[in-house]
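In: let's see this in three dimensions:
(4 chains)
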There are 2 protein chains.
Amino acid sequence: MTHAPVPPRRRSAGDRRAQLVAIGLELLPTTPVQELTIDEVARRAGISRSLLFHYFASKRDYYTAVTRAAADVLLEHLAPRPGLPADEQATGMLERYVGWVETYRDAHLSFVRGAAAGDPWVAGIYEETREALVDLTLTALELPDDARRRQLVRAWFAFTEDLVIQWVREPTMERAELVALLRGFLTSLLDA
Amino acid sequence: MTHAPVPPRRRSAGDRRAQLVAIGLELLPTTPVQELTIDEVARRAGISRSLLFHYFASKRDYYTAVTRAAADVLLEHLAPRPGLPADEQATGMLERYVGWVETYRDAHLSFVRGAAAGDPWVAGIYEETREALVDLTLTALELPDDARRRQLVRAWFAFTEDLVIQWVREPTMERAELVALLRGFLTSLLDA
DNA sequence: GTAGCTTGTTGACCGTTGCTCAGCAAGCCG
DNA sequence: CGGCTTGCTGAGCAACGGTCAACAAGCTAC
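Out: Numbers count the residues shown, from 1 in each chain, chains lettered A, B, ... in the order given. As a prediction, the model looks like this:
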C-alpha cells in the first residue's frame, strides 16, 4: 500500500488563483520575482504547469499579479490610521514603514529589487505604489500636490527607502533618531 | 556571383572581447542587461554562440562584464578634475552627474534599473560603483568617513538619482536650482 | 613547402523553461 | 443514464543557456 502522494483536489477558480498568488508571495523573500519558475510554483501547488497557464495567460501575467499582491499588503500596512491628528499621520506612517522593513527585511528587499528590475511591467506596478505613497504623504501633510512637490516627495522616499534598508543592516543611530531625521528632512524639503 | 555576406574574420582575443562588450553597451539603452540574449549578441558580432562562450564562461559572466564596463565609463566621467579647490569638486561632480543623465537618459536609466535588478552579481557591481561614488564625495568634501556618514551620503545619492531622473523627464525647476538644492541638502545632512 | 603547433572558430547536440493544445474526468443537472 | 460545464493533465514545440569534439587560419621550424 503506497501513501497516496496527495491526491490532486479539484478547486474553485478563485481558490486556485489565490493559492498560486500566495505561493508566489511565499517565494518572494528568497527569489527575485521574475526568476521564479513556473515548474517550481506548480510543483508546490501540486498541479501541472498547464493549469497555471489556465489561470495566468503568461509568466509575466503571473508574477505581476504576485507583485501587485505584495504592493497591496505594504500599502494597507502603511495606510493612515483614522482618528489621529493630521500632523501625526506622517510620523506614524514613517514609523510603520521602518517597522515593516525591520520585520520583513529580506522579503521587502526582494520586493524593492524585483520592482526596480528590468521588467517594465513590474517596474510599472512599483511606480504606482510609489505614487500612491506620495499621495498618502501629501494628504497626510495636508499639502496640495503640484508637480514639483510630487517630485521632491518621491525623491525623499527614495532617500528614505535606501537609508532605512542600510540602517536595518547596520544601525548607526537610535531608531527614534532615524525617524526624526527622515521626518525633519521631509519638512525642510517642502519648506524650501 | 553572390555578394559574400561579410566573410567572418579572425580576430585577436582582446579584440573580440572588446567587441562583444561594446555590443553589449550598445544594446544596454534598449534592453535590460540580463534580458539580452546570447543569440542576439552573437548575431550582431557575426559569430557563433559558441565563440561567445569561449570568451565568457556564462551569460552572467558576460553581462556582468558589460555592466562593469558601463559603471567604469560613468565613474571616469564623474572623477574629480584635478586643480580645482576642494569645495568646488562636489558641485562639479554634481553638475557632471546631471549632465550625464541629461545626455544618456535611456542608457542611464537602463543601467540603474539593470543594476538594481534581481541578479545579485549585477547588484553587487552597482554597490561597488555607489561605494566608489561615496568615496569620491567624501574625499571631495574632505570629510573622514565613519559608518554613519557613509550611510547618509549613500542615501543622499539615492535621493539625487531619483530626483535627477524625474527632473530630466519633467523639469520643474531651473537646472541651477536643482544642483543647488541637491548640494544644499547634502551639506545640511552632514551638518546635522 | 610542408609538418606541426597554437588558437580563433564552428556545428551538432542536450537540458531546461515558457507556452500550446487536444482531450480526459469530476461534478452537476435533466 | 446522457450530456453539459469546467477543473485539470500529458505530450509536444520553440527558444535559450551551455557543452564538446573537431575544423581551420596563421605562425614557426625544419
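
In: sec struct for residue A:43, please.
Out: Secondary structure for residue A:43, judged by DSSP: H, G, I helix; E, B strand; the rest coil, is helix.

In: what number of residues are in the vicinity of it?
Out: Look at residue A:43: counted by other CB atoms under 10 Å in any protein chain shown, it has 13 neighbours. C-beta: built from backbone N, CA, C; applies to glycine.

In: show me where pLDDT drops low in chain A?
Out: A:1-8, A:115-118 (pLDDT under 70).

In: give me the residue from it nearest DNA strand C.
Out: Closest to DNA strand C within chain A is residue A:59: 3.0 Å, counting by CB to the nearest atom of the strand.

In: these two touch, right, that residue and residue A:39?
Out: No - the criterion here is CB atoms under 8 Å, and residue A:59 misses it with residue A:39 at 10.8 Å.

In: higher neighbour count, the two?
Out: Ranked by neighbour count (other CB under 10 Å), residue A:59 and residue A:39 place residue A:59 first, with 15 against 11.

In: so who does that one touch?
Out: Shown in contact with residue A:59 (CB atoms under 8 Å, 6 or more residues apart in numbering or on different chains): residue A:38.

In: for the residue of chain A closest to DNA strand C, give its distance to chain B.
Out: According to CB to the nearest CB, to the nearest Å, residue A:59 and chain B sit 13 Å apart.

In: same check on residue A:41?
Out: Distance, residue A:41 to chain B, using CB to the nearest CB: 16 Å.

In: please name the nearest non-neighbouring residue to that residue.
Out: Spatial nearest neighbour of residue A:41, excluding adjacent residues (CB to CB, 6 or more residues apart in numbering or on different chains): residue A:23 at 5.5 Å.

In: contacts only, for that neighbour.
Out: Residues in contact with residue A:23 (CB under 8 Å, 6+ apart) are A:41, A:44-45.

In: go through the longest helix along chain A and flag the buried ones.
Out: Secondary structure of chain A read by DSSP state H shows that its longest helix is helix A:86-116. By 16 or more other CB atoms under 10 Å in any protein chain shown, the buried positions in helix A:86-116 come out as A:89-91, A:93-98, A:100-101, A:104, A:107-108, A:110-116.

In: from the chain's centroid, how far away is it?
Out: 8 Å (CA atoms, centre = their mean, to the nearest Å).

In: quick check: angle from that helix to helix B:86-116?
Out: Between helix A:86-116 and helix B:86-116, the angle comes out at 60 degrees (axes from the mean of the first three to the mean of the last three CA atoms, to 10 degrees).

In: could I get the contacts of residue A:23 as JSON lines with neighbour count and distance to DNA strand C?
Out: As requested, the contacts of residue A:23 are exported to JSON lines (neighbours: other CB atoms under 10 Å in any protein chain shown; distance: CB to the nearest atom of the strand, whole Å):
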{"residue": "A:41", "neighbour count": "24", "distance to DNA strand C": "8"}
{"residue": "A:44", "neighbour count": "16", "distance to DNA strand C": "13"}
{"residue": "A:45", "neighbour count": "17", "distance to DNA strand C": "14"}
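
In: next, residue A:24: secondary structure please.
Out: Assigned with three-state DSSP, residue A:24 falls in the helix class.

In: how about it: what's its closest non-neighbour residue?
Out: Nearest residue to residue A:24, sequence neighbours excluded (CB to CB, 6+ apart): residue A:66, at 3.4 Å.

In: you'd agree that neighbour is up against residue A:33?
Out: Yes - if you go by CB under 8 Å, residue A:66 and residue A:33 touch, sitting 6.3 Å apart.

In: now do the shared contacts for the two.
Out: Shared contacts of residue A:66 and residue A:33, defined by CB under 8 Å, 6+ apart, comprise residue A:24.
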